[in-house]
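1. sequence and predicted structure, then a few things I'm wondering about:
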Amino acid sequence: PPRPAPREGVGVRTRLLVIAQENWTFVRPLLDALRATGRFEVRELDVDGLAGAGFPDRDRILRGRYDLVSTGRRMPTPPEVAAAYDWADVALVEWSHHVLTWVTLLDRAPRRLMARLHRFEAFTPFPLLHDHARIDRMLYVSPPVWNLVRIAAPDFADVDGVQVGNLLARGLGPSPGPARDRHLLVQLGGHREVKDVLFSLDVLARLRDHDPRYRLRLIGQGLPAASGADGSYRRRVRARLAELGPAAVEMLGRRDDVPALLADSGVILSSSRHEGTHESVMEGLAAGCPAVIRDWPDAAPYGGPATLYEADWVVADVEDAVQRVLDLSEPERHAEESRRARRFALAHRDPDELVAAYERALTGDPDAA
């Protein structure tokens, strides 16, 4: 497909077109930061706002992919998108699912096409359906997910990949103080099966056999009040919570004071079966919480959390998790691990460094910023 001619009179500012559908949660803080550098002009295009029959539904995207394979016919580019391509130096698609498939099927192309890959997209069919030759660069936040998607869709092997990070939604916060309960474990999220809070509850039960002062604080959406629609997983969770009792498990629901809750907790747990980065772990590290991270079973074959976090924070099973928590109960060890956690968060989520990395990835200039 034709691309716009090189833009004349290119100045110091890169024109960045960002294409997404509804979910701008992770990318919007980044776009605000890029604008603040003074080196980017940013336009946002939500495909749901295209006029007429501009953006097709998933069925039409699947039909468009079939048509390309069988006849070579591409989908028409909406006028608003064509005009945005003429304006932009780089088009960035946020979320590499059906929207990216659609963009790669259009009969017009931007000067450069990039996309950001999270975890969700790897578990949809769409990474298999992109016209990968149209993609100039993939920006991925998680090495295990990038490894998984390249195995599932081998055409990604020819696409340049650059690892980037997310800006922490609540920021890095102030340096945490020393006052925290070493026996208080904390976990954000747990109602979905992929988060596998049963692992954390097993860890807690074993810890309380050693010392009944150990407790677990669950923050975020919990189980529905009514149990009538429960499946097998939720029934097991409710049974384990009932066995442990409210003195052992504190369920706080959604809260606005998450940084403060993390700052007085002793350990942050990640019990998931699969994650991209598990942002709440990094939030806990920023608050000075040492981490105990399960070697996410469904991500371990592709690198697992050790590609993102320190290897000695990653545990193989419940017994390893219990031992790491017990090791952290010694005051001097806990204090040092708390400082180490904060240093890690500062090193890996410093906003200036993250934005500079995005600038290099988006402009292709290794010396940018």
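-> Perfect, thanks for sending it. From a predicted model like this one, the values you see are computed outputs, not experimental measurements.

2. in terms of helices and strands, where is residue 144?
-> Assessed by DSSP states H and E, residue 144 sits inside helix 143-152.

3. which other helices and strands does that helix contact?
-> With contacts taken as 3 or more C-beta pairs under 8 Å, 6 or more residues apart in numbering; DSSP states H and E, helix 143-152 sits against strand 113-117, strand 160-163. Any C-beta I mention is one placed from the backbone N, CA and C, and that applies to glycine too.

4. hmm, who's touching it?
-> 96, 117-119, 121-122, 127-128, 138, 140, 156-157, 161, 163, 276, 296, 299, 302-305, 307-308 (C-beta atoms under 8 Å, 6 or more residues apart in numbering).

5. rerun that using 10 Å as the cut-off
-> Under the criterion C-beta atoms under 10 Å, 6 or more residues apart in numbering, residues 96, 117-123, 125, 127-128, 138-140, 142, 156-157, 159, 161-163, 274-277, 296, 298-308 lie in contact with helix 143-152.

6. for the helix or strand containing residue 216, which strands pair with it and how are they oriented?
-> Following DSSP H and E, one finds residue 216 within strand 215-219. Strand 215-219 pairs in its sheet with strand 184-188 (parallel), strand 249-253 (parallel), by DSSP bridges.

7. over stretch 239-254, what's the mean pLDDT, rounded is fine.
-> Across stretch 239-254, pLDDT averages out at 91.

8. restricted to strands, list the contacts of helix 143-152.
-> Counting by DSSP state E, the part of those found in strands is 117, 138, 139, 140, 161, 162, 163.

9. of those residues, buried ones?
-> 117, 138, 139, 140, 161, 162 (16 or more other C-beta atoms under 10 Å).

10. in CSV: those, plus distance to residue 51.
-> As requested, these are arranged in CSV below (distance: C-beta to C-beta, whole Å):
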residue, distance to residue 51
117, 29
138, 29
139, 29
140, 32
161, 34
162, 34
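
11. tabulate those residues (a markdown table), appending pLDDT and distance to residue 70.
-> A markdown table is the format used below for those (pLDDT from 0 to 100; distance: C-beta to C-beta, whole Å):
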| residue | pLDDT | distance to residue 70 |
| --- | --- | --- |
| 117 | 96 | 28 |
| 138 | 97 | 27 |
| 139 | 97 | 31 |
| 140 | 96 | 31 |
| 161 | 96 | 29 |
| 162 | 96 | 33 |
